[in-house]
Every structure is written in C-alpha cells, then in structure tokens.
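In: Sequence first, predicted model second:
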Amino acid sequence: MFESKETENPVSSVRDSVNIMLVEELGKLASKGMQSIIDVIPKISRAEFSAILTVLLEKYSKFITGISSAAEKLGVKIKDMGAIGRLSSKLGLELNTLTDSSEEHVAQLLVEDITEDMTETVRLLRDSECSSCSESVLHLARELAEFQEEAIAQIKDFL
C-alpha cells in the first residue's frame, strides 16, 4: 500500500483557509483606509494635517505591500477595490461634506471611517486567534489594528 503524496492534510487545509480569509479581509480594510485618506487629502489646506495624512498614506501602502506578500505566500492575490469601490468612497465623502467641508468635519469623517475599520480588524483578530491561524498573519492583523489606533489619535488632533 502506497500513500499518495498529493493527499492533503486536513489541518493544513483548514489553517490555509483561515489564513487566506484573514489576509483577504485585512487587504480590504487596508485598501479602504488608504482610499479614505486619498479622498480627503485634496480637501485639506493645513500643511501639518496634510503632512500627517501623507505619512498615514505611506504606512497604509506598506501594510498593503505586507498583506499582499502574505497573500502571495498563500497562493492568493489581494483584490483591488475596483473603480466602483473608489467611486463609491469618493461620492460618499462628497455627500458628507456637501454642507460642511471644514477640515474639522473631514477629520471627524476620517476618524469614524478608521474607527469602523479598526473595530472590524479587532473582531477578525479575535475570531482568528481562537482558530488555527498562523502567527505571522495574526501579527499582521495586530500591527494593522495598532496602526489604525495611532492614526485615529493623530487625526483627532485636528478635530
């Protein structure tokens, strides 16, 4: 009796699916956060606020690169938001700033968006910590949640 080398280990398969799900969700959240900042930067005139948003944008970009790298190791590709997602984000911002386009209001909108994303990141992290998720993917989720918390604190200075 010979055992096929192609037989999949069920534990490995479950672990991979959990890792893939978490990486894909982290990719969506990081892309959404990055898009929010891209949408608001043109509305900011204060150099200090603009500089902080630019640094946050760069950090989001690094997260997306790290998440994409983790996804590649799992054999998947992080999907782009797509044109409709970007348009929806931009239109949402335009509607929310129709009556109040002050930088304070824009900062409040960003805080709300990032807080929502952070809440989802923490939920995903908690769900995944109780599963067979790999430590490297959990580390990415923890780092993203910490970054989101720091971003909120920095943006709150402009409320």
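Out: Perfect, I can see it now.
In: What residues of the helix or strand containing A51 count as buried?
Out: Secondary structure from DSSP states H and E places A51 in helix 47-73. Of the residues in helix 47-73, those buried under the neighbour-count criterion (16 or more other CB atoms under 10 Å) are 49-50, 52-53, 56-57, 59-60, 63-64, 66-68, 70-71. Quick note: C-beta positions are derived from backbone N, CA and C, even for glycine.
In: what helices or strands is it leaning on?
Out: Judged by 3 or more CB pairs under 8 Å, 6 or more residues apart in numbering; DSSP states H and E, the packing partners of helix 47-73 are helix 10-40, helix 135-156.
In: What's the mean pLDDT across the longest one?
Out: Just to be clear, that refers to helix 10-40. Helix 10-40 carries an average pLDDT of 85.
In: now that helix against helix 135-156, angle please.
Out: Angle between the axes of helix 10-40 and helix 135-156 is 20 degrees (criterion: axes from the mean of the first three to the mean of the last three CA atoms, to 10 degrees).
In: After the helix holding A51, which helix or strand is next? Please name it.
Out: helix 82-96.
In: Tell me which residue is most central in the chain.
Out: Using CA atoms, centre = their mean, the residue of the chain that lies closest to the mean C-alpha position is A30, 1.8 Å off.
In: Output the below-cut-off pLDDT ranges for this protein.
Out: 1-12, 14-15, 93, 97-98 (pLDDT under 70).
In: please redo it, this time with the cut-off set to 90
Out: Residue ranges of the chain with pLDDT under 90: 1-18, 39-40, 43, 74-102, 105, 129-133.
In: about what we covered before: of all the helices and strands packed on helix 47-73, which one comes closest to V106?
Out: Of all those, it is helix 10-40 that lies closest to V106, at 5.2 Å by CB to CB.
In: which of the residues in that closest one are buried?
Out: Neighbour counts over helix 10-40 (16+ other CB under 10 Å) mark 15-16, 18-40 as buried.
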